[in-house]
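Asker: dropping the sequence and predicted coords here.
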Protein chains: 2
Amino acid sequence: MDYSEIVEFHGHSCPGLAIGYRMSLAAMAALGVVRSGDEELVAVVENDACGVDALQYVSGCTFGKGNLLFRDFGKNVYTLYSRRSGKGVRVVFHGRGLPNGLREDKPAFIRFLQECRDDAILSVTATDAPPPAPARIRNSVSCQICQESVMDSRLREIAGKTVCMPCAERQVQV
Amino acid sequence: MDYSEIVEFHGHSCPGLAIGYRMSLAAMAALGVVRSGDEELVAVVENDACGVDALQYVSGCTFGKGNLLFRDFGKNVYTLYSRRSGKGVRVVFHGRGLPNGLREDKPAFIRFLQECRDDAILSVTATDAPPPAPARIRNSVSCQICQESVMDSRLREIAGKTVCMPCAERQVQV
């Protein structure tokens, strides 16, 4: 999979995307896995910045498949698990081998990120933690106020009615 | 943009993906917009199910670009905004025109979802609410325990140290 495909999906090239691309490739190589068509792989990401788009595209751990889990820690860390082997790896961007001043020259920074050795920018370590549970499919029912369909785990009871969260919020405000 | 491209990104075809594809096309047609290379478009999604992968691919509102906002209401609703025009549309999947029993025949359901009229499955209404604020880029600093880089808004103060959330959590447990 080529970096240009990732750029097309993300919409533009940037250092964050190039970093996420390298982190994703390193994680998959360490696990010896290919892109996830269903939930064979699962990723936990500790930020929601550009690089995660590279991870979605490269690994197939996507927001809509439920195998991309977001922990809002503000850290450039991805943990990727294979459900088949039960193994996981934690990839951290540290950037220790970045030449001084490189971050200020964006095109040169992106070029460097495509050509440098893994250990100049990231570390990969095995994790002992088990993979997160698979995504669940829930039933839907109608909100008794707006009549729109709602996942059953997200219903609220208010004034004797079973309603969606936005309708419940509006009832409280009235 | 063809449905087969969406399937390739998502990893497989399913009714949820086909629904999200139609919702995304309807939203973009109603706004008269093209795919978002940067943050020209912004989407608020009320679920994290398969269809959102279609929205990411079709609209360019992606998890990593910060223009895909998740409200965990369990509803099959997307609200798409154009920052250029300031306009927004709310697309709701209602499925009122689905033939009885169709949901049980997955391949036929997916075929129907690709060929049916918009109003058989969804509604599009203009919204008066302004678009959400653009994504912010934050600075990063090192956690004083693990030394890993952390976005400044996610730092915690604990025992006189400035640390990341996972290290803060471990300190509390000790």
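Answerer: Structure's in. What do you need?
Asker: any bit of stretch A:18-34 sitting next to chain B?
Answerer: Yes: Stretch A:18-34 lies within reach of chain B by CB under 8 Å from any CB of the partner chain, at A:Gly20. Just so you know, the C-beta spots here come from the backbone N, C-alpha and C atoms, and that holds for glycine as well.
Asker: dihedrals phi and psi, A:Leu80?
Answerer: Backbone torsions of A:Leu80, given as degrees, to the nearest 10, read phi -110, psi 130.
Asker: looking at chain A, which helix is longest?
Answerer: helix A:15-31 (DSSP state H).
Asker: and that one, average pLDDT?
Answerer: In this model, helix A:15-31 has an average pLDDT of 98.
Asker: for it, name the packing helices and strands.
Answerer: helix A:3-10, helix A:51-59, strand A:77-82, strand A:88-93, helix A:106-115, helix A:118-121, strand A:122-127 (3 or more CB pairs under 8 Å, 6 or more residues apart in numbering or on different chains; DSSP states H and E).
Asker: so for A:Cys164, which of the ones you listed sits nearest?
Answerer: A:Cys164 lies closest, by CB to CB, to one member of the helices and strands packed on helix A:15-31: helix A:51-59, at 27.9 Å.
Asker: buried stuff in the closest one?
Answerer: A:Gly51, A:Val52, A:Asp53, A:Ala54, A:Leu55, A:Gln56, A:Tyr57, A:Val58, A:Ser59 (16 or more other CB atoms under 10 Å in any protein chain shown).
Asker: returning to that earlier point: can you tell me which of the helices and strands packed on helix A:15-31 is most buried?
Answerer: helix A:51-59 (a mean of 28; mean count of other CB atoms under 10 Å in any protein chain shown).
Asker: count of residues packed around A:Gly86?
Answerer: Using other CB atoms under 10 Å in any protein chain shown, A:Gly86 has 9 neighbouring residues.
Asker: nearest to chain B, of the helices and strands packed on helix A:15-31?
Answerer: helix A:51-59 (3.3 Å; CB to the nearest CB).
Asker: what's around the closest residue in space to A:Pro134 that isn't next to it in sequence, how many residues?
Answerer: Computed as CB to CB, 6 or more residues apart in numbering or on different chains, the closest residue to A:Pro134 that is not its neighbour in sequence is A:Glu39, at 5.4 Å. A:Glu39: 16 surrounding residues under other CB under 10 Å.
Asker: for A:Glu39, what are its contacts?
Answerer: A:Glu39 makes contact with A:Lys65, A:Gly66, A:Asn67, A:Arg83, A:Pro134, A:Ala135, according to CB atoms under 8 Å, 6 or more residues apart in numbering or on different chains.
Asker: next one, pLDDT for the fifth one please.
Answerer: Which is A:Pro134. 86.
Asker: same check, this time on the second one
Answerer: As summarised for this prediction, A:Gly66 has a pLDDT of 93.
Asker: quick check: domain ranges of chain A?
Answerer: Here the domain parsing of chain A from automatic domain parsing is A:3-127, A:140-173.
Asker: out of the buried residues of helix A:51-59, who's nearest B:Pro166?
Answerer: A:Val52 (17.9 Å).
Asker: run through the bridge partners of A:Ala43.
Answerer: A:Leu68, A:Leu80 (DSSP bridges).
Asker: tell me who's in contact with it.
Answerer: Per CB under 8 Å, 6+ apart, neighbours of A:Ala43: A:Ala27, A:Leu55, A:Ser59, A:Cys61, A:Asn67, A:Leu68, A:Leu69, A:Tyr78, A:Thr79, A:Leu80, A:Tyr81.
Asker: so how far is chain B from the nearest residue to the second one once chain neighbours are set aside?
Answerer: Closest residue to A:Leu55 in three dimensions, ignoring its sequence neighbours and counting by CB to CB, 6+ apart: A:Ser24, at 4.6 Å. As defined by CB to the nearest CB, to the nearest Å, A:Ser24 lies at a distance of 11 Å from chain B.
Asker: likewise A:Ser149?
Answerer: Counting by CB to the nearest CB - A:Ser149 and chain B are separated by 6 Å.
Asker: and what of A:Ala133?
Answerer: 15 Å.
Asker: and if you look at A:Glu104?
Answerer: Separation of A:Glu104 from chain B (CB to the nearest CB) stands at 15 Å.
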